[in-house]
Every structure is written in C-alpha cells, then in structure tokens.
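> I would like the atomic coordinates for the input below:
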Amino acid sequence: MSELMIGAVLLVALFALLSAGLWIALTLIMVGMLGMALLGNDAFGLNYAVATWGAVSDWSLAALPLFIWMGEILFRTRLARNLFEGLTPWLANLPGRMLHMNILSCGIFAAVSGSSAATAATIGRMTLPELKRAGYDDKMALGTLAGSGTLGLLIPPSIILIVYGVAAEVSIARLFIAGALPGLMLVGLFMGFTMLWALRHPEGVPGESQRYSWGARFKALIGLLPLAALVLFVLGSIYGGLVTPTEAAALGVLGALLLAGLSGELSWQNFKDSLMGAVKTSCMILFILAGAAFLTLAMGFIGLPSLLASEIGAMGLSPLLLLACLTLLFVLLGCFLDGISVVLLTTSVVLPMVQQAGIDPLWFGIYLVLVVEMSQITPPVGFNLFVIQDLTGRDLLYIAKAALPFFLLLLLACVLITIWPGIVTALPASMA
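Numbers count the residues shown, from 1 in each chain. You can find the predicted model right below:
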C-alpha cells in the first residue's frame, strides 16, 4: 500500500473509532498500531514504550498538573462571589450591563484556571442564574458565556499552550506572554459586540442603570485584590525571567492555598477534592499525550508528515492560503476532538509545513489556540457547549446558535493577528 492509501485507511479508522465512543487516547493508540501493522512492523510494545516515555517525561510538563491544581483550589473558594460583587458597580452604566459579567469574569478566571471547561463551568454557575432572574436575554447570556469561556485556552497560564510548547519545542514562557495581548483583544471584541447588541436590542437588557459612586466602585474591587495579586505575581515572575513556568506554577499553588486558607474555605474536604480533580484532569491529558506520541511515531514510520509537507510545499501555497486551509482543517477536527487532542494530533504533521512556509512557530501556536477556541463552540463535540448544556439543560444546537457571533469574533481575531503579527510577538520580544 502507498503512504497516501495507508493514511486514508488510518483517517477512516480514526473517525470510526471516535464515532463509536472509544476513549480518545485509546483511539490514537489503536490507530497507531493499525498503521504499524499495515507496514508489517509488529514491535508495538517496544515502540509504544519509547514514544510514550519520551512524550510524558519532559520536565516542562511538570507545570501542567500544578496550574490545573491552582485552578481547582481557587474554584472552591469565594472567588465567584468576589468577582460578581467586585465587577457589578463598574458594569452598571455600560450598554449591556451585567452581560459583560460573563466576559470579564471569564477573562479574570482564565488567568488562574488555564482550562476552558473549568472557566465556563465556574462562571456559568455564578452568572447564569443571576442573569435569568434579572430577565436578561437568554440567548445572549448563553452566547457570552460560551464565547468567553474559551478564554481559558489563551490567557496565560494556559494548559493547551504548555502542551503545544512541549510538542513543538517552543518556549512555554514566551508562549504564555504571547497569549496575553490576543487574550485582552478578544475581551475587547466580545465586550464591543455585546454593547452594540444591547444598543440594538434594549428589550434584552432589563432595568435601569444604577448609579454608583467612585468610592463604592473602588471599595468593591477590594475583594478582587488577592486574586489580581496572585495573577500578576505568577505572570510577572515569568515575564521578568525570575522563575521558570514550572516554578511559577508551584508558587501559584502555594498562593492559591494561602488565599483559600485566609478566606476560611480551605477545609480538608476541599483540599482533597481539589487534589483529586487535578489528578484526574492531568492523567487524562497525559494519557492523550502518550497516545498521540505513539500515533506520531507510527506516522513517522509511514512517512506521512514528510510526504504531506513536501506535497503542500510542491503546491506552492502562499502562507495566507496555507493558513486558510489549516483553519478549515482544525475547525473540522474540532468538531470531533477536544482542543488538546487536536494540538497533539496535528503538531508533528503541520509544523514542518508551517516552518517551510516561513511562519514563526511562536506566532503559529497562538493562532492554533485561537482556532481551537473556535472549535470549542462548534458542534457536535464543542466542549464548552457540553458544559453549558449540563448547566442549563438547553438543547446543544440552541447553545451553538447563541455562540455563533462569538465564533465569528474568534475568526476575526485570527485575521487581526495575521495582519498585525506584532499583537502576538511584541511582548515575547521584550522579555527578560
């Protein structure tokens, strides 16, 4: 069989196993075994051991469970209440008023969570009942939450940026800082769209704006100061070159434990729950990472990555056309896979093409995360859609329709960083 024919068989097997509901990690391992079998290579055990040990033993991955644990600890404190109370006076006079609560709360929580699903779940539990009780437009409330929940993938510290950095051998610290400005840009785009929508649909924003004095506004921010200090400390220490991302993650966990203890909510049960939540999530990601490493090794034996890179190189696609094709590919894969799996499954194949086209791998990592964010609100396997469906009981397609404007805003963000790549590269270039 030719390389392309083997590739076609593996692609069919991949989607067939995923459609059957098999675990993603097991699917990747089985497809890798099938590829090696078609080549006549039956040394599955040895190759699996070599590939997976190399993939999961990278020291850079130590930051992954630590950042996840930090988010799990803060998830179980009064963070949600402090966010709501601290932001309310500042949003009362903006068009859209409390709809911005979803956007800003997700942006702030993303800076301590690193997980899209955790961001959407935490903020949704807090804001959706309040917005419904106040009579805000249901579809817009769901849309702002679904779209803004994706910020957990981009605003540092981001779990998916750690995974990409390890897979693509790009500095995780530089990736973290590169995601800051695009993340703030997305917050601005989401808030701008929400204000325009509110001006055109005043019936969806009930009640009169309440007047707050400047004293009341600044007083409300006091509850956010500990969280803001933790975020600035973690990111500032990385940006200043004082610590590595792994060390910053360890300090972040200590800071989260301290905040939880000072708030009086660090019980033994909360500690155990946060630790087990971090262990489960980390094991799931590492299992997928191991499966993707084995599949990557199998594809290397087949020669698919180099074949695809050479074929696309021979087509003479411009960098812009290549990015357009890759955007379609990633969104399609995102309809069936979670974001981390998309990154792990495609990085080894796509990165040679990207480098051959002269595209900076650092910039491409942020672009890839933006496209993966789009896939998080794309049915049928948009993880944020599942989270919100679980919170509300709403139909999946109804939530997807509500999130469509924010999908288009994410697409606009991809266009903006392509036109002005400095949005991504300016901060990393100035790092210590």
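
> quick check: longest helix of the chain.
For the chain, the helix with the greatest residue count under DSSP state H is helix 268-302.

> Just list what that helix packs against, helices and strands only.
Here helix 268-302 touches helix 3-19, helix 24-39, helix 44-56, helix 63-75, helix 159-168, helix 339-356, going by 3 or more C-beta pairs under 8 Å, 6 or more residues apart in numbering; DSSP states H and E. Placement of C-beta: from N, CA and C, glycine included.

> how does it look with 7 Å?
helix 24-39, helix 44-56, helix 63-75, helix 339-356 (3 or more C-beta pairs under 7 Å, 6 or more residues apart in numbering; DSSP states H and E).

> Burial-wise, tell me which of these comes out on top.
Highest mean neighbour count of the helices and strands packed on helix 268-302: helix 63-75, a mean of 26 (counted as mean count of other C-beta atoms under 10 Å).

> Show me what the mean pLDDT comes to for that one.
Across helix 63-75, the average pLDDT comes to 78.

> if we can go back for a sec, helix 159-168 and the longest helix of the chain, what's the angle between them?
Between helix 268-302 and helix 159-168, the angle formed by their directions is 30 degrees, by axes from the mean of the first three to the mean of the last three C-alpha atoms, to 10 degrees.

> how about helix 268-302: buried residues?
For helix 268-302, the neighbour count (16 or more other C-beta atoms under 10 Å) marks 270-271, 274, 277-278, 281-282, 285-299, 302 as buried.

> what about it, distance to the chain center?
Distance of helix 268-302 from the chain centroid (C-alpha atoms, centre = their mean, to the nearest Å) equals 15 Å.

> any idea of the angle that helix forms with helix 63-75?
150 degrees.

> by how many degrees do helix 268-302 and helix 3-19 diverge?
Going by the same axes, to 10 degrees, helix 268-302 is angled at 160 degrees with respect to helix 3-19.

> quick one: helix 268-302 to helix 44-56, angle?
120 degrees.

> and helix 268-302, average pLDDT?
81.

> Any stretches of the stretch 51-200 of the chain with poor pLDDT?
55, 58, 60, 79-81, 83-84, 112-115, 117-118, 122 (pLDDT under 70).

> list the contacts for the residue lying closest to A43 once chain neighbours are set aside?
Distances taken as C-beta to C-beta, 6 or more residues apart in numbering place M36 nearest to A43, at 7.7 Å, with adjacent residues excluded. By C-beta atoms under 7 Å, 6 or more residues apart in numbering, the contact set of M36 is F44, N47, A298, F301.

> And these, which two are furthest apart?
Farthest pair in the contacts of M36 (C-beta to C-beta) is F44 and F301. Separation: 11.6 Å.

> Which pLDDT value goes with D360?
Here the pLDDT value assigned to D360 is 90.

> same check, this time on G365
91.

> Equivalent analysis for G334, please.
pLDDT for G334: 69.

> How many residues are close by L321?
L321: 12 surrounding residues under other C-beta atoms under 10 Å.

> scratch that, G240 is what I was asking about
Using other C-beta under 10 Å, G240 has 10 other residues around it.

> ok, it to L362 distance?
Going from G240 to L362 by C-beta to C-beta, to the nearest Å gives 19 Å.
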